[in-house]
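Undergrad: Sharing a model prediction with you, sequence too.
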Amino acid sequence: MSVPDGRGVFDLPLGEVDPELAELIGGELRRQRTTLDLVASESVPPRAVLEAQGSVLTAKYADGFPGHRDYDTCEWVDAIESLAIERAKSLFCAEHANVQPYSGSNANIAVLHALCEPGDAVLGWDFEHGGHPTHYWSGTFAGRFHATSSYGVRKEDRLVDMDQVAEMAERHRPKVVFAGWSCYPRWLDFRRFREICDAVGAYLVVDMAHFAGLVAAGLHPDPVPYADACTMTVHKTLGGARGGAILCRADLASRVDAAVYPGEQGGPLPHVIAAKAVTFALAATDGFRARMEATLAGARTMADRLVAERGRTGAEVVTGGTDVHQLLVDLSPAGEEAGAALSRLNRIGISANAMRLAYDPATPPHGSGLRLGANALAARGFRSTEFDAVGSLLADALEDRVDARSAELSARVQELLAGFPLYGYLPG
Ligand code: DSN
């Protein structure tokens, strides 16, 4: 490949500077356009978010915070970051917001850094039970630097066991208790988490990465009044910029800010912060609320369809349904491993996640769980009629163990997607 050089290169489009890379990005665009995306952590970032994230702000160094930078000439990025902070605070009625975390995991690291000393006890939610590794697991900073333990869901109803949380908090006396999940279909009792934390003098951190968009839309219990800090990602149900954010009480603001920078990260990413500002503005609109309503209705519709089709698929919807944007399907009653089922779904153009479930009978690393989310399709325009059709497709695909109907199912996937073009303004 011949790469152009010289001054002119700065004004050339990607396709001319690096056609090889442009072709790869084009491949991903084609994949997104032709895939029924049920990955619960993905969405469709709007054009305005992509423009901000790909803007000239990429060039700017701005270590520090608005008004207190290690670089001069930060007047524009100061205004942009202040806008993002104010929008985040207003959206979630929070006393303080930090919009610099590069990801949700970075936000969790920073909050632990702010609230704990190395060696302090931390109580998190086991990830095979739906939690996130950065809350406690030894393979992450949380488990390496803290005395961690984890709670989970009850075997009989797969709901989080609040009595176990209380008992473990009493036994381990954690400095921080994490609430929040990556893979769980029901609401949490934040008041009870608060009471448990108060009883042992622990900070409550709610990781709302998955449900932040639902909270912003007023369609999910609000953790902000109960938590000392909330961490989130801005790209899951919020559906926007790639990255994380932290909300906290005003009296923790300087500790949280210092833990993010210089504690755990380098300079902020002003282009991503600008895209977060757009995301927060969009999330305050009636249109966003309508999309979140469609997301919830879509997840419920798919769950209802799969419950109705259990007789022929053998697949069981965990807890019998969902209150949020995702549902979990247990394939163990069907005698199928989730990875195999997911490969079949992938072959007909459906993406989702295969994972281990709590009390999973499959031998590790295999699992019996499929996680299915409605965000991306609701963002694309799917409503209940289409989600019911997706539920039927899923049931047919789960039943079709030998790929006998794969050509017909692939055609149905493309037929559904054809009515909802993606990024129509982009060529290719
Ligand atoms: N990777 C995210 C998810 O898929 O839920 C969690 O970090």
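TA: Ah, there it is.
Undergrad: in the chain, which helix has the most residues?
TA: Of all the elements of type helix in the chain, the one with the most residues (DSSP state H) is helix 286-308.
Undergrad: Going by neighbour count, which residues in whichever helix or strand comes after that helix are buried?
TA: Using DSSP states H and E, the helix or strand that follows helix 286-308 towards the C-terminus is helix 310-313. For helix 310-313, the neighbour count (16 or more other Cβ atoms under 10 Å) marks R310, T313 as buried. Using the backbone N, CA and C atoms, a C-beta is placed for each residue, glycine as well.
Undergrad: For R412, which residues are in contact?
TA: By Cβ atoms under 8 Å, 6 or more residues apart in numbering, the contact set of R412 is A389, L393.
Undergrad: Let's see that with 6 Å instead.
TA: Applying Cβ atoms under 6 Å, 6 or more residues apart in numbering, we find R412 in contact with L393.
Undergrad: Name whatever forms a beta bridge with R69.
TA: Note on R69: beta-bridge partners by DSSP bridges are G64.
Undergrad: tell me which parts of the protein are close to the ligand?
TA: Taking Cβ under 6 Å from any ligand atom as the contact definition, the chain meets the ligand at S41, G104, H132, S182.
Undergrad: among these, who's most crowded?
TA: The member of the residues of the chain next to the ligand surrounded by the most neighbours (other Cβ atoms under 10 Å) is G104, with 28 neighbours in all.
Undergrad: Please report phi then psi for that one.
TA: According to degrees, to the nearest 10, the main-chain angles of G104 amount to phi -70, psi -40.
Undergrad: Make 52 the starting number, not 1.
TA: Sure, I'll start numbering at 52, so the last one becomes G155.
Undergrad: what residues are up against it?
TA: With contacts taken as Cβ under 6 Å, 6+ apart, G155 has the following neighbours: A260, T284, G295.
Undergrad: Out of the residues you listed, flag the one nearest to the ligand.
TA: Nearest to the ligand among these, counting by Cβ to the nearest ligand atom, is A260 at 6.4 Å.
Undergrad: Not counting sequence-adjacent ones, nearest residue to the residue of the chain found nearest the ligand?
TA: Among residues of the chain, the one nearest the ligand by Cβ to the nearest ligand atom turns out to be S92. It sits 3.3 Å away. Distances taken as Cβ to Cβ, 6 or more residues apart in numbering put K287 closest to S92, at 4.9 Å, once the chain neighbours are dropped.
Undergrad: do L423 as well
TA: If the residues on either side of it in the chain are set aside, L423 comes closest to L89, at 4.5 Å by Cβ to Cβ, 6+ apart.
Undergrad: Can you report how many residues lie near that neighbour?
TA: Look at L89: counted by other Cβ under 10 Å, it has 26 neighbours.
Undergrad: Residue ranges in the protein under the pLDDT threshold?
TA: In the prediction, the chain carries residues with pLDDT under 70 at positions 52-53, 58.
Undergrad: picking that back up, roughly how far out does the longest helix of the chain sit from the chain middle?
TA: Its chain's C-alpha centre and that of helix 337-359 lie 17 Å apart, by Cα atoms, centre = their mean, to the nearest Å.
Undergrad: With stretch 396-412 instead?
TA: The gap between where stretch 396-412 is centred and where its chain is centred comes out at 17 Å by Cα atoms, centre = their mean.
Undergrad: Can you give me the buried ones in it?
TA: For stretch 396-412, the buried set under the neighbour-count rule, 16+ other Cβ under 10 Å, comprises 396, 399-409, 411.
Undergrad: Show me the helices in the stretch 302-451 of the chain, by range?
TA: According to DSSP state H, counting those that start in this stretch, the stretch 302-451 of the chain carries its helices in the segments 304-309, 321-334, 337-359, 361-364, 389-398, 426-431, 435-450.
Undergrad: picking that back up, do I have it right that the residue nearest to L423 meets R422?
TA: No: using Cβ atoms under 6 Å, L89 is not in contact with R422; the gap is 8.2 Å.
Undergrad: which stretch of helix or strand covers K287?
TA: Counting by DSSP H and E, there is no helix or strand that carries K287.
Undergrad: Phi first, then psi, for it.
TA: Backbone dihedrals for K287, given as degrees, to the nearest 10, come out at phi -90, psi -110.
Undergrad: which SS state does T282 fall under?
TA: The three-state assignment at T282 reads strand, by DSSP: H, G, I helix; E, B strand; the rest coil.
Undergrad: count of residues packed around the nearest residue to it once chain neighbours are set aside?
TA: Setting aside the residues directly before and after it, T282 is nearest to A158 in space (Cβ to Cβ, 6+ apart), at 3.9 Å. Applying other Cβ under 10 Å, we find 31 other residues in the vicinity of A158.
Undergrad: I figured A158 hits G295, correct?
TA: Yes: judged on Cβ under 6 Å, A158 makes contact with G295 at a distance of 3.8 Å.
Undergrad: any shared contact partners between those two?
TA: When contacts are counted by Cβ under 6 Å, 6+ apart, the set common to A158 and G295 consists of P152.
Undergrad: Would you indicate which residues of stretch 431-445 are buried?
TA: Residues of stretch 431-445 classed as buried under the neighbour-count rule (16+ other Cβ under 10 Å) are R431, F433, E437, F438, A440, V441, G442, S443, L444, L445.
Undergrad: How far away from the center of its chain is it?
TA: Between the mean C-alpha point of stretch 431-445 and the mean C-alpha point of its chain there is a distance of 21 Å (Cα atoms, centre = their mean).
Undergrad: can you check stretch 238-248 too?
TA: Its chain's C-alpha centre and that of stretch 238-248 lie 21 Å apart, by Cα atoms, centre = their mean.
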